[in-house]
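> 3D, please:
(one chain, ligands or ions: 2)
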Amino acid sequence: MVCRDTIPTWGDRRCARIGLLGGSFNPAHLGHQTIARRALGALGLDQVWLMVSPGNPLKPAAGMAPFARRLASAATLADGRRLIATDIEARLGTRYTFDTLGKLQMRFPNVHFVWLTGADGFVTLPKWKGWKRLLHRVPVAVMPRPGQNMQALRGAAAHYLAHYRLPSRQARLLPDLSPPVWTFLPGRQNGISATSIRQRGGFGDGAGHATVPNTLNSGE
Ligand SMILES: Nc1ncnc2c1ncn2[C@@H]1O[C@H](COP(=O)(O)OP(=O)(O)OP(=O)(O)O)[C@@H](O)[C@H]1O
Ligand SMILES: O=C(O)c1ccc[n+]([C@@H]2O[C@H](COP(=O)([O-])O)[C@@H](O)[C@H]2O)c1
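Ligands and ions are numbered 1, 2, ... in the order given. As a prediction, the model looks like this:
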């Protein structure tokens, strides 16, 4: 199930707290599912969008499967209700997260977005376009990843946000707080990575000969 422009109703109110798990999903794997579900529960989110990047500005295009194939991979994790795979970043025509967030927040003014990332993403954040301004645009939840956690907690982003860390026991407040604000959500860790799957040949040759299911192209 791929999310289109309309935000589904959730109970009797608009779906209002949405976690954005941006990623290459080259391919999607259990690590993504683990952190998405952890964020849903711990932050009290209505949905998590598995937001497939048209092209991570910091990753080489070589070895990157075509967008449609990565979207199809993310869709295998989605349930169409709480976990949604979406091509919205490609449709917005943005690549940099800062730009994407600006457009999403304009398009969905009533939604409280939270940026979700594994600990490795929080380590590399200071290399992103406008990273400090980005941290003033959206609350951030960092999920543990083996071998990355100490670096994340001691890195430049954590240092910059030192006075804005929300204890994980208060994590449910995060989506409704004004940024800058962040939390580190301890939890079950999964050492799986897309790199290791590709190295084992688990995502074909990356050349993208797989057919995308019709449902992904037909507007569901
Ligand atoms: N095993 C994991 N544990 C925690 N976070 C993860 C895990 N795998 C991916 N993530 C997070 O999911 C998001 C998207 O990750 P991505 O699609 O790049 O997967 P990856 O396994 O890191 O890929 P690659 O190995 O190709 O770099 C990032 O925020 C990343 O930190
Ligand atoms: O905006 C940037 O400068 C930027 C630089 C690197 C990565 N990102 C985003 O970080 C998310 C995770 O990327 P990846 O490739 O590690 O899965 C994805 O949404 C990317 O678009 C964003």
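> drop to CA atoms for contacts and neighbour counts, all remaining ones
OK.
> can you pull the residues of the chain lying near ligand 1?
22-26, 31-32, 117-121, 143-145, 190-195 (Cα under 6 Å from any ligand atom).
> 8 Å - rerun?
For the chain, the contact set with ligand 1 under Cα under 8 Å from any ligand atom comprises 21-32, 34-35, 116-122, 143-146, 189-196.
> tell me which of these fall in strands.
Cross-referencing the residues of the chain next to ligand 1 against strands under DSSP state E gives L21, G22, G23, L116, T117, G118, M143.
> those residues: which ones sit near ligand 2?
Checking these against ligand 2 by Cα under 8 Å from any ligand atom, the ones in range are L21, G22, G23, T117.
> possible to save the residues you listed as CSV with neighbour count?
Below are these laid out as CSV (neighbours: other Cα atoms under 10 Å):
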residue, neighbour count
L21, 23
G22, 19
G23, 21
T117, 26
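> ligand 2 contacts on this structure?
21-25, 51-59, 95-99, 117, 121, 124-125, 127-131.
> of these, grab the buried ones for ChimeraX.
To isolate the buried members of the residues of the chain next to ligand 2 in ChimeraX, using 16 or more other Cα atoms under 10 Å:
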select :21,22,23,24,25,51,52,53,54,55,56,96,97,98,99,117,121,124,125,131
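> number of nearby residues for the residue nearest to P186 when sequence neighbours are not counted?
Nearest residue to P186, sequence neighbours excluded (Cα to Cα, 6 or more residues apart in numbering): P144, at 6.1 Å. Using other Cα atoms under 10 Å, P144 has 22 neighbouring residues.
> where does P144 land on pLDDT?
On pLDDT, P144 comes in at 97.
> do V52 as well
Value listed for V52 in the pLDDT field: 98.
> what does G204 give?
75.
> that one and ligand 1, how far apart?
14 Å (Cα to the nearest ligand atom, to the nearest Å).
> residue contacts, that residue?
The contact partners of G204, by Cα atoms under 8 Å, 6 or more residues apart in numbering, come to R198.
> in the sheet, who's paired with it?
G202 (DSSP bridges).
> returning to what we had before: quick check: phi and psi at the residue nearest to P186.
phi -70, psi 150 (degrees, to the nearest 10).
> quick one: residues contacting it.
G118, A119, F184, L185, P186, G187, R188, Q189 are the contacts of P144 under Cα under 8 Å, 6+ apart.
> swap in H136?
P179, P180.
> hang on, P57 packs against T97?
No - P57 lies out of contact with T97 (Cα atoms under 8 Å); the separation is 9.6 Å.
> drop anything exposed from the residues of the chain next to ligand 1.
21-29, 31-32, 35, 116-122, 143-145, 193-194.
> please tell me how far the lengthiest helix in the chain is from the chain's geometric centre.
Longest helix in the chain, counting residues (DSSP state H): helix 30-43. Taking the mean of its C-alpha atoms, helix 30-43 sits 10 Å from the chain's own mean (Cα atoms, centre = their mean, to the nearest Å).
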